[in-house]
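>>> Could you look at this predicted model? Sequence included:
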Amino acid sequence: MSAPLFFNAFLMNTGSHIQHGQWRHPEARQSEFNDLRLWLDLARTLEEGLFDAMFFADVSGLYGPAGGQYTDNVHEGLQIPSNDPTVLLGALAVVTEHIGLATTSNVMQNHPFNFARQLSTLDHLSRGRVAWNIVTSTQENAARNFGLPALVDHDARYDWADEYLDVVYKLWEGSWDDGALLRDRAGGRFADPARIHKIHHEGPRYSVEGPHLPSPSPQRTPLLFQAGGSERGIRFAAQHAECQFIMTPNPRVAREHIERVRARVAEAGRDPQDVKFFQGLSLVLGDTEADVRAREQDYLEYASVTGFLTHASLGILPDGTRLPEDTRLIDIPNNGGQAHVEWLRRATPEREPTLADLANGRIRRGYAAGTPEQVADQLEAWQEAGVDGINLINWRLPGTYEEFNEKLLPVLQRRGLAKTEYAEGTLRHKVFGRDRLPDDHPGARYRGAFTPAAAGA
């Protein structure tokens with residue numbers, strides 16, 4: 001029998017996240033994203049379906065070129081308007097008990113001292129169920145929103161992220177020793193100052209004295225997701241990631257990528273099995289072949305080619321016009337997310353893919369279609385390629401996840417591809433069987449590093 005896969009609900013606090021155009025369907029509720037009741041109800045639905053996490057994407061700017069038109073973005077509702085997912089997690093923690101709560105935050109949008117405090121607070125409130133999707137941003141507009149003249153070069157953004165991680169590791173793992181929190185009523189000592197330390201970080205971008213203001217949360221460092229697939233992104237993942245989110249076009253490309261990353265993880269001195277891989281997929285489910293084709297056609301009728309191409313941020317000129325669809329991707333400058341283009345090139349080795357291939361690939365290749373048994377077969381093929389879990393991309397809220405619970409989950413459980421109950425403990429414990437970072441993770445080197453004896457050494 002197969003091992004259970006992990007399942008995350010891939011979400012965004014916006015009207016059009018990945019499957020663009022679907023918000024227009026009369027049964028879709030993602031246009032109600034400002035209403036907290038939508039998310040509270042969805043959280044309960046997902047916990048009934050034993051989902052491992054609500055995985056929230058986020059951006060801090062518009063897709064497209066610097067100074068470009070954004071008419072299409074607004075017409076499509078393409079991640080504008082959108083809200084901050086980190087704020088939402090606090091409410092979701094109250095109405096759930098087991099499901100993980102993952103937020104996306106890029107290194108530009110929040111100072112590491114403040115961000116570390118926010119996530120420690122959420123990890124306390126959720127009793128250890130918080131995860132962080134580490135991103136470096138791909139939007140020129142985002143860079144200008146935070147006072148930069150332009151988006152920092154692709155590889156240099158990962159250098160920035162390395163220092164950002166260094167700061168938050170020092171705060172989460174090293175600023176408070178174990179046992180520092182006393183709550184000693186009789187002695188009048190809430191905590192032990194000898195076990196709480198300033199970190200005195202001095203680096204190219206940040207100067208942070210510390211100490212970390214929250215006491216250690218159940219996980220200390222939240223579970224760490226990352227999605228980079230470029231050469232520099234893979235090196236970053238090998239150092240830091242515990243889970244990697246991928247959107248490869250087929251199991252063969254997934255296997256190649258996973259083997260490549262695991263080899264780099266070993267080179268970085270970590271256990272290669274200490275990274276789990278989550279493939280992004282949508283599902284088209286039907287009771288019969290005819291049902292499947294009808295559902296697929298319904299989804300495709302609402303799919304927006306304009307939305308998908310705008311999201312890709314390639315081939316759009318500042319005046320809003322677009323390069324021809326037969327333009328080769330290799331001929332378009334790309335300082336943003338390079339992994340999707342590289343994965344598409346691996347899927348079409350016979351020729352260089354074009355803008356049309358990119359749009360069609362995102363619309364037609366990003367889902368598994370069939371009866372529940374047939375989809376289970378396809379998920380098993382992804383698992384055989386090395387995938388540990390699925391980031392389930394919705395077509396419409398909440399229907400995608402209600403359908404998963406009703407139609408697919410029982411089949412997966414019978415075949416051992418989905419768990420039948422939650423394990424107890426923190427999110428990291430549910431995924432890896434431990435609450436804390438392993439000793440070979442770079443964040444672990446700061447444990448005890450700021451005690452007087454260690455600091456002196």
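All right, it came through fine.
>>> can you pull out the helices in the stretch 101-250 of the chain?
Assigned by DSSP state H, counting those that start in this stretch, the helices in the stretch 101-250 of the chain fall at 112-125, 140-145, 154-169, 231-240.
>>> Run through who's touching the first one.
With contacts defined as CB atoms under 8 Å, 6 or more residues apart in numbering, helix 112-125 is touched by 86, 89-90, 93-94, 101, 103, 105, 110, 129-130, 132, 164, 167-168, 171-172, 206, 208, 210, 212-214, 216-220, 222. (C-beta placed from N, C-alpha, C; glycine too.)
>>> Asp72 contacts Thr310, doesn't it?
Yes - counting by CB atoms under 8 Å, Asp72 does reach Thr310; the two are 4.8 Å apart.
>>> who has more neighbours, these two?
Shown here are Asp72 and Thr310; by other CB atoms under 10 Å, Thr310 has more neighbours (27 against 20).
>>> what's the distance between the more buried one and Ser230?
Using CB to CB, to the nearest Å, we find Thr310 at a distance of 22 Å from Ser230.
>>> which residues of this protein score low on pLDDT?
By pLDDT under 70, the low-scoring segments of the chain are 1, 313-317, 320, 333-350, 356, 358-365, 454-457.
>>> So which residue is dead centre in it?
Asn133 (4.3 Å; CA atoms, centre = their mean).
>>> any common contacting residues for Asp72 and Thr310?
With contacts defined as CB under 8 Å, 6+ apart, the residues shared by Asp72 and Thr310 are Leu78.
>>> and Ala423, how many neighbours does it have?
Neighbours around Ala423, by other CB under 10 Å: 12.
>>> My guess is it contacts Lys430. True?
Yes - assessed by CB under 8 Å, Ala423 is found in contact with Lys430 at 4.9 Å.
>>> What segments of the stretch 301-450 of the chain are strands?
In the stretch 301-450 of the chain, the segments counted as strands under DSSP state E, counting those that start in this stretch are 367-370, 389-393.
>>> export those strands to TSV and tack on mean neighbour count?
What follows is the strands of the stretch 301-450 of the chain, written out as TSV (neighbours: other CB atoms under 10 Å):
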stretch	mean neighbour count
strand 367-370	18
strand 389-393	23
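>>> Make a markdown table out of those strands and add distance to Asp435.
Below are the strands of the stretch 301-450 of the chain laid out as a markdown table (distance: least, CB to CB, whole Å):
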| stretch | distance to Asp435 |
| --- | --- |
| strand 367-370 | 33 |
| strand 389-393 | 19 |
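>>> wait, which of those strands is closest to Phe56?
Distance to Phe56, taken as CB to CB, is lowest for strand 389-393 among the strands of the stretch 301-450 of the chain, at 11.2 Å.
>>> May I have the strands that pair with that closest one, each with its orientation?
Counting by DSSP bridges, the strands paired with strand 389-393 are strand 6-12 (parallel), strand 276-285 (parallel).
>>> Report the buried residues of stretch 175-195.
Judged by neighbour count (16 or more other CB atoms under 10 Å), stretch 175-195 contains these buried residues: Ser175, Trp176, Asp177, Ala180, Arg195.
>>> and these as CSV, adding distance to Val261?
Listed next are the buried residues of stretch 175-195 as CSV, based on distance: CB to CB, whole Å:
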residue, distance to Val261
Ser175, 30
Trp176, 32
Asp177, 33
Ala180, 36
Arg195, 37
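>>> can you tell me which of these are in strands?
Judged by DSSP state E, strands contain none of the buried residues of stretch 175-195.
>>> what's the closest of those residues to Ala156?
Closest approach between the buried residues of stretch 175-195 and Ala156, by CB to CB: Ser175, at 27.7 Å.
>>> Quick check: chain neighbours aside, which residue is closest to that closest one?
Sequence neighbours aside, His212 is the residue nearest to Ser175 in space, at 3.8 Å (criterion: CB to CB, 6 or more residues apart in numbering).
>>> Tell me which residues touch that neighbour, please.
For His212, the contact set (CB under 8 Å, 6+ apart) comprises Ala116, Arg117, Ser120, Leu171, Trp172, Ser175, Trp176, Ile199.
>>> Pull out the buried residues from the residues you listed.
Ala116, Arg117, Ser120, Leu171, Trp172, Ser175, Trp176, Ile199.
>>> The fourth one against His197, yeah?
No - in this structure, Leu171 is not within contact of His197 by CB under 8 Å, at 10.2 Å.
>>> Now list whatever residues contact both of these two.
Gly210, Pro211.
>>> Against Phe55, how distant is the closest residue to Lys276 other than its chain neighbours?
Ranked by CB to CB, 6+ apart and with sequence neighbours excluded, the top spatial neighbour of Lys276 is Asp388, at 4.1 Å. According to CB to CB, Asp388 and Phe55 sit 14 Å apart.
>>> more neighbours, those two?
Counted by other CB under 10 Å, Asp388 and Phe55 do not tie: Phe55 has more neighbours, with 26 against 20.
>>> wait, what's in contact with that one?
Asn8, Ala9, Phe10, Leu11, Gly100, Ala102, Ala131, Asn133, Phe225, Phe245, Asn391.
>>> Out of those, which is nearest to Thr288?
Using CB to CB, Ala9 comes nearest to Thr288 of the contacts of Phe55, at 26.4 Å.
>>> Look up which residues are beta-bridged to the closest one.
Met54, Leu392.
>>> Settle this for me: it is touching Phe56, isn't it.
No - contact between Ala9 and Phe56 fails when scored by CB under 8 Å: they sit 9.2 Å apart.
>>> what about Arg252, neighbour count?
The number of residues near Arg252, taken as other CB under 10 Å, comes to 13.
>>> Counting neighbours, which bits of stretch 275-289 end up buried?
Buried residues in stretch 275-289 (16+ other CB under 10 Å): Val275, Lys276, Phe277, Phe278, Gln279, Gly280, Leu281, Ser282, Leu283, Val284, Leu285, Gly286.
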